[in-house]
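**Student:** Could you look at this predicted model? Sequence included:
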Amino acid sequence: MVTLIEQSDAGLVARCRAGDADAWRVLVDRFSRYVYAICSQGYRLGQEEAEDVFQEVFARAYERLDRLRDDAAIRPWLAQMTRRLCIDHIRARRPDTSALGDTAEVDATLEQLDEALLVREALAALSPECQDILDAFFARDESYRMISERLALPGGTVASRISRCLKRLRDLLDEAGRNPEG
């Protein structure tokens, strides 16, 4: 049986529409960092402003979920809603529209956020062993030697596991048709 956390975006949306409160909590958790990052990194809102927009996005999403035409399109729908609410928020608080910043810069930041979310989702689909070794090497910047000592594995085995796990990650991104590299 698929747990709520493993549920596809479309499956979660369908369950939310049916009134499943647990599915709503999982959906908010799944997209909370994304929405907050759009506010804080894309539009450079301060913490308080970003939290205000964040709350408004999920309140509106909850109220208007029935208007979403394609359940699988929840991410772009939330992104567009977040963009609009950020712009509205900036305009309401700062009448000088120069505070909106460069649209191309915001678009580039949002594209990076989308790619980061795709990679994060693909990483979550990997085995715990792959998640650990890729996290150690790339996020924690551990050397082959450090990983080798921690896992009690030969250095060559560490290198081949990293290579194999990266290939699986690329395959998952390609299967989704959304490999940020290609």
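**Tutor:** Ah, there it is.
**Student:** Please give the element, helix or strand, for F31.
**Tutor:** helix 21-37 (DSSP states H and E).
**Student:** which element follows that helix toward the C-terminus?
**Tutor:** helix 47-64.
**Student:** which other helices and strands contact that next one?
**Tutor:** Counting contacts by 3 or more C-beta pairs under 8 Å, 6 or more residues apart in numbering; DSSP states H and E, helix 47-64 packs against helix 21-37, helix 74-93. Every C-beta, even on glycine, is put in place using the N, C-alpha and C of the backbone.
**Student:** Convert that helix to CSV, retaining C-alpha atoms only.
**Tutor:** Output of helix 47-64 as CSV, limited to C-alpha atoms (Å, rounded to 0.1, in the frame of the first residue of the first chain):
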residue,chain,number,x,y,z
GLN,A,47,10.7,36.5,6.9
GLU,A,48,7.5,38.1,8.1
GLU,A,49,6.4,39.0,4.6
ALA,A,50,7.2,35.6,3.3
GLU,A,51,5.3,33.9,6.0
ASP,A,52,2.3,36.2,5.3
VAL,A,53,2.3,35.2,1.6
PHE,A,54,2.9,31.6,2.5
GLN,A,55,-0.2,31.5,4.7
GLU,A,56,-2.2,33.2,2.0
VAL,A,57,-1.1,30.8,-0.7
PHE,A,58,-2.1,27.7,1.2
ALA,A,59,-5.4,29.3,2.5
ARG,A,60,-6.3,30.1,-1.1
ALA,A,61,-5.2,26.8,-2.4
TYR,A,62,-7.4,25.1,0.2
GLU,A,63,-10.4,27.2,-0.8
ARG,A,64,-9.8,26.9,-4.5
